[in-house]
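>>> Sequence first, predicted coordinates after that:
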Amino acid sequence: MPDAAQSTSQTVSSGTPAAPKDLSAEKEAELRESLKRCSAATLEAALKFLKTGDVEQLPTVVIGVIERFVDPDQRAKLQEKDDELRLIEDLGIDSLTMMEIVILVEEALQMTINNDELRNLRTVGDIKVFIDCKARGLPPPQPAKFLPVEQIVALMPIQPPFLFLGEASVSSANASAKYKITGQEFFLQGHFKNNPVLPASIMLEALGQLAVLYLLEGYEPTEAGKVVNADQIFFTGCEGVRVHRVCRPGDVLSLSIRPKRMKMPLATFEGTIRVGQEKAAIAEEITLTFGLKDAATAVVAPSAADAPSLSSLPTDTPQA
Amino acid sequence: MGQRVFITGLGLITSIGNDVPGVIASLRDLRHGIQLYPPFEPESVPVKVAAPVRDFDTASNDPEDWTYPAAYKIRREVIRGMAPHGVYAWCAMQQAIADAALAESDVGDNADTGLYAASGGSPQLMGHMLGRMHKLGVMRCSPLGIVAAISGTLNFNLVAHFKIKGPSCGFSSACASSTHALGYAYDDLVLGRAKRMFVVGAEDGNLDSILPFAGMRALSLSRDPATASRPFDAARDGFVGTGGAAVLVLETEAEVERRKSAGAAVSLYGEVAGWGQASDGHNVAISHPEGEGLALAMRRALAAAQLEPSAVDYINAHATSTPIGDLSEIRAIKAVFGEGGAGPKVSSTKALTGHGLSLAGAMESAFCALALREGFIPGSAHITQLDPECAGVNIPRQTLDEAPAVALNNSSGFGGANVSVVLKRASS
C-alpha cells in the first residue's frame, strides 16, 4: 500500500517528506527555531520524520504542536491520549489558534495544508488522521460529518424519548456522540427508587444507536446504487460488555464506535463510553443486521423525506 | 455647552519613566531618556541615538519572546496579536485604570465607556510579516499578523481586551494623531455620547519605526545623548525617536460625581477646557513657515475654552528639534500671544523624551495634566544657545516651581494637521 500511496502524493507540496531525504543544517536550524516552544520530544520526532519519513513520529509532532498553543491548564488533557478530545469545546482553541497550529505543523513537517482541508477537523484524532494521510500521500479521509441533534432525529428510525444521542460526528472510519443524562428520562423514575442511575442496558442501547447512525451516515455499501435501509437495522448480539462506572443525571456520556467487520447482512462494532476522562463502559463487539434498498427509491415517504433540513424536522419524519 | 470634562487618571510608559511618579521626577529634574541605541550601532546607520522605553524587550518578532516588568502579566492569547506598542499601552491602561480608581464595571462591558487611540502601526511586525509572505508563501503569514501590524492595531487590541463597549476609533494624523483622539474624545463626552473615554497614544519607537525618518533628514545625527534633542537651540539638527504609551482617562463631571458619591477615590488632574484644529494646506511633510495652521488651531482652542491668550500660563510646544518645525511654531506662538515678554512660558519636553510621533500628543497632554496638578512648569532642556528667532518668547531652561492654572498643548502632523488643546487646573 505505501508504494501506491507515494505515487499519489501530488496533493502534498513539493517538499513532501514521504521519502527519506537529507535535511540541510540550515533547515534543521530553522526547524529548531520554529519548534523552540514545543517539547524536546516534538522536535526530535519532527527531525526523525523529516530525515527518515517515519510516519510513526507524526502523532508526537501533532500533539506537541497543539500542546504548545493550548492554555497551560488545559495541557494535561492532551496527555490522556484521547482522540475524541475536541479542539474547541475541550481545549479552548479558537479558529485563529487553529491557524497558528496549522502553520507550525506545516513548518515542522514541511508540508502545505489548504484551508478547505481543515474544515471538519474537530478532534485531536481528526488532526492525527489527517496529517498521517497527508504525510503518506494518501487522500485525506472523508471528513467527519458533524450532526446536531435535530439532524440525528431526522435521520434515525429511533426517536425520543428513546433516542440517546445528542450531537454526533460520523466519518467512514468511526462515529462519536455525546449524550447528557438530563434526569428527565422516564426510566430513571424507577431505576432506582430515589436513586437515578442510567441502566447498563441503556448504555449498550446508546452505543447500538450510534452504530445505526454510522450505518446510515458513515457506511457506503459496496453495491452501487444501494443505501442502507433504516427500516431493516436490528440488534443481533454483543460480547465483552463491561461497565466501569455508575452514570447519573448531569453526566455527559462520550460515546464512540468503530466498525470491526462489515459483511452483509452483519455489521460488527466495538464501542466505548467515557464520562470526561473516565472509562464508563466498553463493548468488545456489538453486532447489527441491516438491509439495503435502492438509492433511487430511497424516497419512501413522499413528504419531506429527502430533505433533512431543519425546516422538515418533525419528530415523526420516518427517515431521510 | 454640555458637560464639563475632567482628566481623572493617567498611565505612562515612556523613555523618562514607566509610571506617573517616575515621569514627574524626570520632568522636575530634567532627566532625559535618550541613549546611544544599540540597534543603530552599525557603521551604515548615520543615526546613533534614540529614546527607547526601558525594562521592556520587544526586539523579537515573536511576542512570546518579549519581556516586560514583572508587575504586569499578559496572557498568550492577548499578547499574540499585539505590536510592541500594544504591550506598552496595555501596561499604561492598567496604570490608568488603577490611577482613576475605576471599578471593573466602569471599564469593560460598559456602553458608556469608549476608547480612542493613535499609533503609526508596527513597521517592525509589518516588515516581518511581508518578509515571511515573500519568503515562505502567503499562507504562512501569522494569522494575527495583520491585527498586530497595521495602523489601528492599538485600538483593535485594547478595545477587545478591555471589553470596551462604547465608542472606539483610531486616529491617523501622524504626530497630531493622539491629540486629535483627545479632542474628539472630549467632544463625545460633551455631546453625551459617552461618560468616560480612554485616550491612548503609543508607538513602537524602535529601529523600524524611527530610522525611515532619516530618509527625509528629519533625525538628529548627534552622537551625544545629553544634547541630541534640543528644541529651540540654534544648533538643533533634527528629532530623536522614542516610543512608549500614554493613557488619559477623561470623564464627565456627572460621572465623576457619581463615582465619588459611590465611594471611589477619584482625584482630578485637571479639566479639558476645549480644543481647536486647523490645517496648513501647504506641504505634505513640511510645516507652514509662518505656522499659519497652528496659530489658527490655538486661537480656536482658546475660543472653545472661552479664554483670552493672556490666561495661558504654560504651552507644551510640539517643537521636535527640527530646524524648520520649531521656527514655524515659535512664529505661530508669537502671532497668537503677541511679541514681548509677557506671554506664557513655553517649553518642549521632547528635549527629554524625544519625539513620540503618534504618542506625542497624549504623552504631552499627560505632562500638562501633571504640571497642573503637581504645580510646576517643565523646563525646556538642552538649550546652549537659543535660536535668535525665539527671542521674546519666554522659554524657561529649568523646571519652575510655578503652578500653572491654564496649560495648552500643541501638536502638528504631516500634511499640516495642527491641533491645540487647553487644559485647566481642576480648582479653577
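Sure, I can see it. Numbering: from 1, shown residues only, chains lettered A, B, ... in the order given.
>>> Need the three-state assignment for residue B:290.
Recorded secondary structure, residue B:290: coil (DSSP: H, G, I helix; E, B strand; the rest coil).
>>> so it makes contact with residue B:333?
No - assessed by Cβ atoms under 8 Å, residue B:290 is found out of contact with residue B:333, at 11.4 Å. Any C-beta I mention is one placed from the backbone N, CA and C, and that applies to glycine too.
>>> The two: which is more packed in?
Comparing residue B:290 with residue B:333 by other Cβ atoms under 10 Å in any protein chain shown, the one with more neighbours is residue B:333, at 28 against 16.
>>> Quick check: buried residues in the helix or strand where that one lies?
Following DSSP states H and E, one finds residue B:333 within helix B:323-337. When neighbours are counted by 16 or more other Cβ atoms under 10 Å in any protein chain shown, the buried residues of helix B:323-337 are found to be B:325-337.
>>> Quick check: which helices or strands does that helix pack against?
Applying 3 or more Cβ pairs under 8 Å, 6 or more residues apart in numbering or on different chains; DSSP states H and E, we find helix B:323-337 packed against helix B:292-305, strand B:406-413.
>>> Run the chain-centre distance for the first one.
Averaging C-alpha positions (Cα atoms, centre = their mean, to the nearest Å) puts helix B:292-305 19 Å from its chain's average.
>>> rounded to a whole number, what's the mean pLDDT of it?
Taken as a whole, helix B:292-305 carries a mean pLDDT of 97.
>>> And for the residue lying closest to residue A:215 once chain neighbours are set aside, the neighbour number?
Closest residue in space to residue A:215, ignoring its immediate chain neighbours: residue A:228 at 4.8 Å, by Cβ to Cβ, 6 or more residues apart in numbering or on different chains. Residue A:228: 21 surrounding residues under other Cβ under 10 Å.
>>> likewise residue A:65?
Based on other Cβ under 10 Å, the number of other residues close to residue A:65 is 29.
>>> For residue B:231, state which of the buried residues of helix B:323-337 is nearest.
Distance to residue B:231 across the buried residues of helix B:323-337 (Cβ to Cβ) is lowest for residue B:326, with 5.4 Å.
>>> If we ignore the residues flanking it in sequence, what's nearest the closest one?
Nearest non-adjacent residue to residue B:326, counting by Cβ to Cβ, 6+ apart: residue B:319, 4.4 Å away.
>>> Check the spacing between the one you found and residue B:181 real quick.
21 Å (Cβ to Cβ, to the nearest Å).
>>> In contact with residue B:88, which residues?
By Cβ atoms under 8 Å, 6 or more residues apart in numbering or on different chains, the contact set of residue B:88 is B:13, B:53, B:56, B:202, B:243, B:244, B:245.
>>> same thing but at 6 Å, please
Contacts for residue B:88 (Cβ atoms under 6 Å, 6 or more residues apart in numbering or on different chains) come out as B:13, B:202, B:244, B:245.
>>> Shouldn't it be within a helix?
Yes - applying three-state DSSP, one finds residue B:88 inside a helix.
>>> Now the terminal residues of stretch A:34-43, how far apart.
Stretch A:34-43 has an end-to-end distance of 9 Å (criterion: Cα to Cα, to the nearest Å).
>>> in it, what counts as buried?
A:34, A:35, A:37, A:38, A:42, A:43.
>>> Then stretch A:124-143?
Buried residues in stretch A:124-143, defined by neighbour count with 16+ other Cβ under 10 Å: A:124-138, A:140, A:143.
>>> next one: stretch B:126-145
B:126, B:128, B:129, B:132, B:140, B:141, B:142, B:143, B:144, B:145.
>>> would JSON lines of those with pLDDT be doable?
Converted to JSON lines, the buried residues of stretch B:126-145 look like this (pLDDT from 0 to 100):
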{"residue": "B:126", "pLDDT": "97"}
{"residue": "B:128", "pLDDT": "96"}
{"residue": "B:129", "pLDDT": "95"}
{"residue": "B:132", "pLDDT": "92"}
{"residue": "B:140", "pLDDT": "83"}
{"residue": "B:141", "pLDDT": "86"}
{"residue": "B:142", "pLDDT": "87"}
{"residue": "B:143", "pLDDT": "89"}
{"residue": "B:144", "pLDDT": "92"}
{"residue": "B:145", "pLDDT": "93"}
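>>> Looking at those, which is nearest chain A?
residue B:143 (3.8 Å; Cβ to the nearest Cβ).
>>> ok, now which ones touch that closest one?
Neighbour list for residue B:143: A:96, A:99 [criterion: Cβ under 6 Å, 6+ apart].
>>> Could you report the distance from it to residue B:360?
Residue B:143 is 32 Å from residue B:360, where distance means Cβ to Cβ.
>>> ok, for residue 94, nearest residue in space, not its chain neighbours?
Since you didn't name a chain, this refers to chain A. That would be residue A:88: by Cβ to Cβ, 6+ apart, it lies 7.3 Å from residue A:94.
>>> oops, chain B please
Using Cβ to Cβ, 6+ apart, the nearest residue to residue B:94 is residue B:72, at 6.4 Å.
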